[in-house]
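K.L.:
What follows is a predicted protein model with its sequence.
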Amino acid sequence: MLYLTRIEHFNAAHKLYNPDWDSEKNEMVFGKCANENWHGHNYELHVTIKGEVAADTGFVINAKILSKLINELVLEKLDHKNLNMDVDFLQDKMCSTENLAIAIWQQLVAHLPEGVQMHCIKLYETPRIFVEYFGE
Amino acid sequence: MDKKVSVFRKEHFNAAHRLHNPAWDEAKNDAVFGKCNNPNYHGHNYEIEVKVTGIPAADTGFVIDLKWLSDTINENVLEKLDHKNLNLDIPEFSNLNPTVENIVVVIYDILREKIDPTLDLLVRLYETPRNFAEYPVS
């Protein structure tokens, strides 16, 4: 078994705001992240897959294929977008880094080639804040 | 000691923006600014580097008190820009495109007023780890 990681990045606007709460409670829980006119981040995405190394290619996965999947299924939908407003697979979700990591996993997991499994989505919201999701 | 030394303070803020010229139609805005023109905005983790150059004072050994510099950047720049929409929330950008070039000049002008005029000031602003601007040009 071998693990392979592809690192990508995207830039997006978002806000943390629960529409079921009033502004006061949103402000109390989310602070300046609830700014109604949005703020934004440079997100860095680490996608780690696992599998056996194929005898004929020496690959777990062709890294070019993985890059293409991430670009088509994730980056084209997220890069230079407003996560709350523009992204079909985030509709009605709180746009936290946690939920974004889970949603990215779900975007990719069904599209991996046979014999390749998702292992981890690691997502940096800033250089100092990141989450990891292992599909559990 | 009369040797000039530069000291640096790094800070960061997160903000949304879009690049858009209201004098142009959508086709031209898309052609020039591409996905940066998204009407619903996008955003960045901005990193600021502030460089202050001067002769260390005989009594303190400081070019500038870096704690004072940090507080000054926080109170005058970060509180204004952090977790904001640069186009909508910041008056300086109501008629100025918030490119990394224009933002760095706005930050410089704010800080230049606060810092001892006998000290040289330079601001570098990273929009991403790969795109950054510096003002003034030496």
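P.N.:
Structure's in. What do you need? Numbering: from 1, shown residues only, chains lettered A, B, ... in the order given.
K.L.:
Then A:Ala101 would be within a helix, right?
P.N.:
Yes - judged by DSSP: H, G, I helix; E, B strand; the rest coil, A:Ala101 forms part of a helix.
K.L.:
My guess is it contacts A:Glu132. True?
P.N.:
Yes - between A:Ala101 and A:Glu132 there is a contact under CB atoms under 8 Å: 7.4 Å. For glycine as for every other residue, the C-beta is placed from the backbone atoms N, C-alpha and C.
K.L.:
three-state assignment of the residue of chain B found nearest chain A?
P.N.:
Across chain B, the shortest distance to chain A (CB to the nearest CB) belongs to B:Gly43, at 0.6 Å. With three-state DSSP as the basis, B:Gly43 sits in strand.
K.L.:
again, but for the one 10 residues further on
P.N.:
The assignment at B:Thr53 comes out as strand when based on three-state DSSP.
K.L.:
Now it. Nearest residue, chain neighbours left out?
P.N.:
Among residues not flanking B:Thr53 along the chain, B:Asp120 sits closest, at 4.0 Å (CB to CB, 6 or more residues apart in numbering or on different chains).
K.L.:
For the one you found, list the residues it contacts.
P.N.:
Contacts for B:Asp120 (CB atoms under 8 Å, 6 or more residues apart in numbering or on different chains) come out as B:Ser6, B:Lys51, B:Val52, B:Thr53, B:Gly54.
K.L.:
Burial check on A:Ala54, number of neighbours?
P.N.:
12 (other CB atoms under 10 Å in any protein chain shown).
K.L.:
Wasn't it part of a helix?
P.N.:
No - looking at A:Ala54 with three-state DSSP, it is coil, so not inside a helix.
K.L.:
gap between it and chain B?
P.N.:
A:Ala54 sits 34 Å away from chain B, going by CB to the nearest CB, to the nearest Å.
K.L.:
what's the closest non-adjacent residue to that residue?
P.N.:
Nearest to A:Ala54 is A:Val60, by CB to CB, 6+ apart, at 7.6 Å.
K.L.:
Just say helix, strand or coil for B:Lys35.
P.N.:
helix.
K.L.:
Just give me the neighbour total for it.
P.N.:
Neighbour count of B:Lys35, defined by other CB under 10 Å: 14.
K.L.:
Please name the bridge partners of the residue of chain A found nearest chain B.
P.N.:
Taking CB to the nearest CB as the measure, the point where chain A comes nearest chain B is A:Gly40, at 0.6 Å. Per DSSP bridges, the residues bridged to A:Gly40 are A:Ala13.
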